[in-house]
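Student: Quick one, what's the 3D model for this:
(one chain, ligands or ions: 2)
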Amino acid sequence: MTAHTDEKPSAQQKQQAPQAQPPSPSLTAHSVQSSVSLPPLPASPLRRYRPATECVYVEPSGVRDAYNSSSVPIYQTATFKQSSATEMGEYDYSRSGNPTRSHLESHLAKLMRAKRALAISSGMSALDIIARLVKAGEEIVAGDDIYGGTNRLLTFLREHNNIIVHHADTTNIESITPLLSPKTRLVLLETPTNPLIKIADIPAIAGLVHATCPNALVVVDNTMMSPYLQNPLELGADIVYHSGTKYLSGHHDLMAGVVGVKDEALGDKLYFVVNATGCGLAPFDSFLLLRGVKTLSVRMERQQASAIRIADYLEEKGFKVRYPGLKSHPQYELHRSISRGPGAVLSFETGSVEKSERVVESTRLWAISVSFGCVNSLISMPCRMSHASIPAHVRKERALPEDLIRLCIGIEDADDLLEDLENALTIAGCL
Ligand SMILES: Cc1ncc(COP(=O)(O)O)c(C=O)c1O
Ligand SMILES: N[C@@H](CCSC[C@H](N)C(=O)O)C(=O)O
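Tutor: Ligands and ions are numbered 1, 2, ... in the order given. As a prediction, the model looks like this:
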């Protein structure tokens with residue numbers, strides 16, 4: 001660790017070097033002296049490692065570990081005994097806080113460049129706790145190409161909570177401007193979007209929103225990129241969240257959500273909602289998520305490398321492919337400027353719903369499944385699956401192609417994936 005602090009940062013590191021982080025407030029709230037002697041963390045931005053190292057290196061988080069275990073223990077307990085009726089220990093009840101979850105949150109805060117991270121029960125519960133910042137009569141501006149479940153929750157808020165929700169083309173800042181008002185509380189961006197893989201200019205939109213709406217928070221759903229490839233908090237966003245069910249965990253063996261913020265007071269408000277509503281991530285799932293995150297960089301690098309090959313292949317065959325790693329993507333340069341890579345989800349059209357169904361049903365390696373970010377490759381038709389909850393007429397208004405196929409590339413051998421896909425495209429009469 002000390003050797004690293006002697007290293008000179010590269011120009012890029014200097015540019016990206018965030019402030020040295022204090023321990024996550026969730027930990028300071030429960031602060032204790034570690035029972036083992038841990039090396040002190042250099043209080044300098046130089047202690048930041050490169051993203052691949054940060055994924056795997058779980059820094060001492062301040063959570064007590066009597067045995068100095070290499071793998072974070074699973075504190076599978078609902079309650080913690082108190083030493084007396086009046087003295088509370090650092091933890092009392094796992095809804096309010098649990099050491100396994102605290103370890104995870106500390107690690108995630110570092111990856112997300114956040115002051116504080118909260119680990120909760122799903123990506124949707126992440127949006128739910130954020131949306132509780134919005135009062136009746138206030139407004140949310142969201143994209144017009146968004147995950148179907150996000151659209152469903154926003155519709156619920158409009159219908160049941162008297163919150164005004166606007167949908168805008170988030171690729172075009174000028175379509176956002178007229179929707180902003182003193183009542184705007186949240187501007188919600190997905191970038192890349194699910195499933196049309198559109199890109200939002202986070203710095204430009206954050207700049208606009210902060211300059212014109214002092215009450216508004218810019219929220220980015222960073223699920224498609226993961227913190228390994230994109231850090232919205234460094235690009236001007238106030239809140240970032242992920243479905244941890246996807247890349248962060250990587251194996252489709254748990255549901256999780258993660259929220260990160262730069263502002264301590266905002267973190268406290270969101271933590272209040274987590275405790276009040278009881279959506280904190282369970283100890284075993286916290287353990288699994290922490291384990292999954294350690295291999296994030298390796299998985300993402302491989303998945304992305306294969307995705308680039310598959311996108312090139314489909315484009316060469318003449319399909320309309322949506323993937324920000326292709327120069328033909330209308331926001332190729334913008335995406336490069338805000339991220340460290342194009343990721344491993346792409347979508348394409350065949351020109352016919354029947355043909356698309358045939359393709360999806362003719363693959364062997366590619367499982368027909370919702371979700372993405374798993375080590376296994378998945379194929380789906382968003383209009384029939386992940387986005388089926390958006391009414392057909394709304395999908396049409398938003399120009400979501402019914403024949404769209406979404407590919408989520410896993411870690412299998414890319415040649416096998418290509419052969420299987422080519423076989424399915426041939427069977428479906430697309431080649
Ligand atoms: C972009 C995006 N955000 C949020 C979610 C919600 O996450 P979860 O399924 O973990 O609730 C999903 C998928 O479900 C998603 O695709
Ligand atoms: N039946 C579920 C569908 C989940 S879709 C999961 C994921 N976000 C994706 O895009 O594939 C629902 O209606 O929520």
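Student: Partner strands of the top strand by length along the chain, with direction?
Tutor: Scanning the chain for the strand with the most residues, using DSSP state E, yields strand 184-190. Strand pairing for strand 184-190, using DSSP bridges, gives strand 139-143 (parallel), strand 217-221 (parallel).
Student: what residues does it touch?
Tutor: With CB atoms under 8 Å, 6 or more residues apart in numbering as the contact definition, strand 184-190 has outside contacts at 127, 130-131, 133-135, 138-143, 145-147, 150, 154, 170, 176, 180, 200, 202, 205, 209, 213, 215-221, 223-224, 232, 237. Any C-beta I mention is one placed from the backbone N, CA and C, and that applies to glycine too.
Student: re earlier: of all the strands paired with strand 184-190, which one is nearest ligand 1?
Tutor: Across these, ligand 1 has its closest neighbour in strand 217-221 (4.8 Å, CB to the nearest ligand atom).
Student: how about the closest one, does it reach ligand 1?
Tutor: Yes. Contact of strand 217-221 with ligand 1 (CB under 6 Å from any ligand atom) involves residue 221.
Student: In whichever helix or strand comes after that strand, which residues are buried?
Tutor: As assigned by DSSP states H and E, the chain's next helix or strand after strand 217-221 is helix 226-229. For helix 226-229, burial by neighbour count (16 or more other CB atoms under 10 Å) applies to 226-229.
Student: Helix 226-229 and ligand 1 in contact?
Tutor: No. Using CB under 6 Å from any ligand atom, helix 226-229 never reaches ligand 1; the gap is at least 11.2 Å.
Student: Distance from the helix or strand that comes right after that helix to the middle of the chain?
Tutor: Following helix 226-229 in sequence order, the next helix or strand is strand 239-243 (DSSP H and E). Centroid separation between strand 239-243 and its chain, computed with CA atoms, centre = their mean, to the nearest Å, is 5 Å.
Student: Return the angle between stretch directions for strand 239-243 and strand 217-221.
Tutor: Interaxial angle of strand 239-243 relative to strand 217-221 (axes from the mean of the first three to the mean of the last three CA atoms, to 10 degrees): 20 degrees.
Student: three-state assignment of the residue in the stretch 151-300 of the chain positioned nearest to ligand 2?
Tutor: Among all residues of the stretch 151-300 of the chain, residue 194 sits closest to ligand 2, at 5.2 Å; criterion: CB to the nearest ligand atom. Under DSSP: H, G, I helix; E, B strand; the rest coil, residue 194 falls in the coil class.
Student: Roughly how far does it sit from residue 343?
Tutor: In this structure, residue 194 and residue 343 are 11 Å apart, going by CB to CB, to the nearest Å.
Student: do residue 278 as well
Tutor: 32 Å.
Student: Tell me which stretches of the protein form strands.
Tutor: For the chain, applying DSSP E gives strands covering 116-120, 139-143, 164-168, 184-190, 217-221, 239-243, 257-261, 320-322, 345-349, 367-368, 378-380, 405-408.
Student: Export the ones you listed as JSON lines, with columns for mean pLDDT and mean neighbour count.
Tutor: Formatted as JSON lines, the strands of the chain follow (pLDDT from 0 to 100; neighbours: other CB atoms under 10 Å):
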{"stretch": "strand 116-120", "mean pLDDT": "98", "mean neighbour count": "29"}
{"stretch": "strand 139-143", "mean pLDDT": "98", "mean neighbour count": "24"}
{"stretch": "strand 164-168", "mean pLDDT": "98", "mean neighbour count": "20"}
{"stretch": "strand 184-190", "mean pLDDT": "98", "mean neighbour count": "25"}
{"stretch": "strand 217-221", "mean pLDDT": "98", "mean neighbour count": "26"}
{"stretch": "strand 239-243", "mean pLDDT": "98", "mean neighbour count": "29"}
{"stretch": "strand 257-261", "mean pLDDT": "98", "mean neighbour count": "29"}
{"stretch": "strand 320-322", "mean pLDDT": "97", "mean neighbour count": "20"}
{"stretch": "strand 345-349", "mean pLDDT": "98", "mean neighbour count": "24"}
{"stretch": "strand 367-368", "mean pLDDT": "98", "mean neighbour count": "14"}
{"stretch": "strand 378-380", "mean pLDDT": "98", "mean neighbour count": "23"}
{"stretch": "strand 405-408", "mean pLDDT": "98", "mean neighbour count": "26"}
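Student: between these, which one is nearest to residue 65?
Tutor: Closest approach to residue 65 among the strands of the chain (CB to CB): strand 116-120, 18.1 Å.
Student: Tabulate the CA atom coordinates of the closest one in PDB.
Tutor: The C-alpha atoms that make up strand 116-120 are tabulated as PDB, following Å, rounded to 0.1, in the frame of the first residue of the first chain:
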ATOM      1  CA  ARG A 116     -22.000   7.000   0.900                       C
ATOM      2  CA  ALA A 117     -23.500   3.900  -0.600                       C
ATOM      3  CA  LEU A 118     -26.600   2.000   0.400                       C
ATOM      4  CA  ALA A 119     -27.100  -1.600  -0.400                       C
ATOM      5  CA  ILE A 120     -30.800  -2.500  -0.700                       C
END
